[in-house]
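> fold the following, please.
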Amino acid sequence: MNTKKLLASGIAAVLMVGGTVTPIAQEFSAVVPYYANAAFSDLVEGGKTDDGFEYLIYGTYDLKDGKMVNVKYEYAFVYNYKGKKTAVTVPDKILGCPVTEIGTECFKDNSSLVSVKLPDTLISIDGGKHEFLNGTGGAFEDCKNLVKIDIPSSVETIGDWAFCGCSSLSKLTLSENLTTIGLNAFCGCEKLTSLKIPDNVLSLGDYAFKGCSALTSVEFGSSLMSMGIDAFSNCTSLKSIEIPPDMTVIPDGCFSGCKNLTSVKFPESLSAIKSYAFSDTGLLKAELPENITVIESGMFAGCENLTEVVISDNVTKICESAFEDCKSLKSITVPSSVETIEDYAIGYTSEPVMWNPSKHYPDKDFTIYGHKGTIAESYAVKNGIKFVDVDSVVGDCNGDGEFSIADAVVLQKWLLNVADTKISDWKKADLCADNTLDVYDLCVMKNKLLLKK
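Model (predicted):
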């Protein structure tokens with residue numbers, strides 16, 4: 001049996017009965033005589049401050065003849081506060097030791113709490129696991145009247161559920177040295193209006209900011225590499241976002257339900273957008289990065305304002321319900337690179353109608369543009385959706401399956417060498433049929449468009 005385990009268990013027993021915790025002195029020689037003389041780094045004392053903070057002190061000690069000697073205090077851990085003050089200051093030192101952590105459920109459900117001042121010694125908020133403290137909630141979870149908190153620059157970790165359900169929290173300043181924000185850390189902070197993720201933050205946990213319904217803007221730090229599933233789902237006031245440059249994957253449901261999210265800027269590094277990542281958002285246009293090869297299930301499902309989708313030639317698969325219930329989207333161009341289109345992926349809605357008891361049914365006004373003989377055509381035919389062979393659309397140099405003023409704009413920009421201007425098929429723009437694209441083709445194109453009107 002491990003002496004350290006016995007020590008922790010002994011302290012746990014004192015804490016559980018609500019007794020006053022005094023400096024630890026345990027006899028071990030009778031149980032584990034081979035630990036009669038040893039050195040340890042562990043819990044050495046616990047107690048309660050005059051202003052109501054229950055704490056534990058960690059440090060080092062030696063065992064000599066089964067007794068603790070040479071005890072040295074190193075740091076303090078605050079784990080419980082049940083006071084009724086509206087403004088609370090967490091002490092920076094206890095018994096001369098710096099307070100470095102606020103533990104699980106320390107302030108949980110404290111309805112009196114309005115503001116908290118945290119010490120500059122703090123390193124972690126609800127970031128540690130202590131075997132004799134059984135709480136699973138967050139340090140400030142469901143402090144429903146907490147309005148403001150500034151996280152000092154010393155803090156590196158905000159743990160799971162730390163501020164979840166703080167429905168009055170309207171202002172949040174995060175630590176410059178913060179590296180991790182845990183699971184559900186700020187979930188349900190309904191009055192939080194803006195957020196700046198510090199540059200040192202590497203990851204956001206699952207559901208980290210889910211349901212922050214007043215959040216209108218998020219500024220991501222430059223080092224952010226991963227976000228958890230549903231990290232910003234149901235942030236219904238969020239309007240636009242710019243995904244940080246080192247992100248390679250946007251996880252499942254990350255921005256799902258952000259009804260007012262109309263624009264997203266993707267980095268070139270992005271290689272995957274997972275299922276339902278942008279479902280039920282307010283996006284107007286979806287232009288996927290070149291590295292995306294699979295459009296996952298429900299990725300843009302329920303985006304009722306979506307009118308334009310640009311799919312790169314690197315996409316090989318469009319999964320089930322990817323664009324289902326996109327009521328304003330009436331056409332889509334499928335490149336020849338696509339080899340698989342799953343059920344209900346394009347041109348479908350899930351609203352029930354009397355003549356079709358199925359949950360899914362095709363939109364009769366939808367058009368799929370693609371190359372003859374490809375999966376785009378077979379999918380359209382199978383599902384009773386109109387198909388147009390893009391190879392037959394002369395003048396369609398932007399590859400959207402239509403000949404319109406947009407093609408003339410693209411050709412003009414290309415001739416003027418405007419940066420990032422691409423022509424999907426130059427032969428369709430070669431209206432003079434001389435194997436050269438020049439201003440003469442542009443003149444012919446404009447004349448054709450005038451006659452078309």
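> need the CA coordinates for stretch 156-172. PDB is fine.
Output of stretch 156-172 as PDB, limited to C-alpha atoms (Å, rounded to 0.1, in the frame of the first residue of the first chain):
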ATOM      1  CA  GLU A 156      -2.700  29.000 -18.000                       C
ATOM      2  CA  THR A 157      -5.700  26.700 -17.800                       C
ATOM      3  CA  ILE A 158      -9.500  27.200 -17.500                       C
ATOM      4  CA  GLY A 159     -10.900  23.700 -16.900                       C
ATOM      5  CA  ASP A 160     -14.100  21.900 -17.700                       C
ATOM      6  CA  TRP A 161     -17.400  23.600 -16.900                       C
ATOM      7  CA  ALA A 162     -15.500  26.400 -15.100                       C
ATOM      8  CA  PHE A 163     -18.000  29.200 -15.900                       C
ATOM      9  CA  CYS A 164     -20.800  27.200 -17.500                       C
ATOM     10  CA  GLY A 165     -24.300  28.600 -16.900                       C
ATOM     11  CA  CYS A 166     -23.000  32.000 -15.700                       C
ATOM     12  CA  SER A 167     -26.000  33.600 -17.500                       C
ATOM     13  CA  SER A 168     -25.300  37.200 -16.300                       C
ATOM     14  CA  LEU A 169     -21.600  37.200 -17.300                       C
ATOM     15  CA  SER A 170     -21.300  40.100 -19.800                       C
ATOM     16  CA  LYS A 171     -17.700  41.000 -19.700                       C
ATOM     17  CA  LEU A 172     -14.700  38.600 -19.900                       C
END
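> find the centremost residue of this structure, please.
A231 (3.1 Å; Cα atoms, centre = their mean).
> that residue and C212 touch, don't they?
No. Counting by Cβ atoms under 8 Å, A231 stays clear of C212, with 10.4 Å between them. For every residue, glycine as well, the C-beta is placed using N, CA and C.
> who's K196 bridged to?
K196 forms beta bridges with E219, as assigned by DSSP bridges.
> so what's it up against?
Each residue near K196 by Cβ atoms under 8 Å, 6 or more residues apart in numbering is listed here: L174, V218, E219, G221.
> then D343?
E320, S321, H360.
> can you tell me which of these are in strands?
With strands taken from DSSP state E, there is no overlap with those.
> mind checking pLDDT for V201?
At V201, the model reports a pLDDT of 95.
> can you give me the neighbour number for it?
24 (other Cβ atoms under 10 Å).
> torsion angles phi and psi at V381?
Backbone geometry at V381, expressed as degrees, to the nearest 10, gives phi -60, psi -50.
> surely it and I375 touch.
No. Using Cβ under 8 Å, V381 is not in contact with I375; the gap is 10.7 Å.
> out of the two, which sits in the more crowded spot?
Neighbours were counted for V381 and for I375 using other Cβ under 10 Å; I375 has more, 20 against 11.
> state the distance from the more buried one to K386.
16 Å (Cβ to Cβ, to the nearest Å).
> give me the phi and psi for the residue nearest to the centre of the chain.
phi -60, psi -40.
> how close does it sit to W414?
Distance from A231 to W414, by Cβ to Cβ: 39 Å.
> OK, contacts around Y55?
G46, G47, K48, T49, A76, F77, V78, Y79, I94, V99.
> and S275, by the same measure?
D252, G253, E296, S297, G298, M299, C319 are the contacts of S275 under Cβ under 8 Å, 6+ apart.
> also I181?
I158, I197, V201, S203, L204, G205, A208.
> quick one, helices of the chain?
3-16, 375-383, 405-415, 426-429, 439-452 (DSSP state H).
> on that earlier part again, hmm, which of the contacts of Y55 are the buried ones?
G46, G47, A76, F77, V78, Y79, I94, V99 (16 or more other Cβ atoms under 10 Å).
> which stretches of the stretch 51-200 of the chain have low pLDDT?
127-135 (pLDDT under 70).
> and the strands in it?
53-64, 67-81, 87-89, 93-94, 97-102, 115-117, 124-125, 148-150, 157-158, 171-173, 180-181, 194-196 (DSSP state E, counting those that start in this stretch).
> and the longest one, what's buried?
Think strand 67-81. Neighbour count says strand 67-81 has M68, Y73, Y75, A76, F77, V78, Y79, N80, Y81 buried, by 16+ other Cβ under 10 Å.
> skipping its backbone neighbours, what lies nearest V218 in space?
L195 (4.8 Å; Cβ to Cβ, 6 or more residues apart in numbering).
> list the contacts for that neighbour?
Going by Cβ under 8 Å, 6+ apart, the list of residues near L195 reads L172, F209, C212, L215, S217, V218, E219.
> follow-up on the earlier one: mind putting the contacts of S275 into TSV with pLDDT and neighbour count?
Formatted as TSV, these follow (pLDDT from 0 to 100; neighbours: other Cβ atoms under 10 Å):
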residue	pLDDT	neighbour count
D252	98	22
G253	97	25
E296	97	21
S297	97	20
G298	96	26
M299	97	27
C319	98	18
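> which of the residues you listed sit farthest apart?
Longest distance between any two of those is 14.6 Å, between G253 and C319; criterion Cβ to Cβ.
> is K285 in contact with C303, as I believe?
No. Using Cβ under 8 Å, K285 is not in contact with C303; the gap is 10.1 Å.
> look at the two and report which has more neighbours.
More crowded of K285 and C303, by other Cβ under 10 Å: C303, with 26 against 13.
> specify the beta-bridge partners of K93.
Beta-bridge partners of K93, as defined by DSSP bridges: P98.
> got TSV for the strands of the stretch 51-200 of the chain, with distance to N398 too?
Output for these, formatted as TSV (distance: least, Cβ to Cβ, whole Å):
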stretch	distance to N398
strand 53-64	65
strand 67-81	61
strand 87-89	60
strand 93-94	66
strand 97-102	56
strand 115-117	55
strand 124-125	51
strand 148-150	50
strand 157-158	46
strand 171-173	44
strand 180-181	41
strand 194-196	37
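> can you count the residues close to I273?
There are 26 residues near I273, going by other Cβ under 10 Å.
> Serialize the helices of the chain to TSV and add fields for distance to E242.
Formatted as TSV, the helices of the chain follow (distance: least, Cβ to Cβ, whole Å):
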stretch	distance to E242
helix 3-16	47
helix 375-383	32
helix 405-415	24
helix 426-429	32
helix 439-452	34
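> among these, which is nearest K64?
From these, taking Cβ to Cβ, the stretch that ends up closest is helix 3-16, at 12.7 Å.
> residue ranges in the stretch 251-400 of the chain under the pLDDT threshold?
351-358.
> recalculate using a threshold of 90.
Applying pLDDT under 90 to the stretch 251-400 of the chain flags the ranges 268-269, 287-288, 350-361, 364, 369, 388-400.
> these two touch, right, C326 and M299?
No. Look at C326 against M299 with Cβ under 8 Å: they stay out of range, at 10.6 Å.
> ok, so of the contacts of S275, who is nearest I332?
Out of those, the member with the shortest distance to I332 (by Cβ to Cβ) is M299, at 13.0 Å.
> which residue, other than its chain neighbours, is closest to that closest one?
Nearest one to M299, counting by Cβ to Cβ, 6+ apart, is A322 at 5.1 Å.
> still on that earlier bit, between the helices of the chain, which one is closest to T86.
helix 3-16 (27.2 Å).
> thank you, goodbye.
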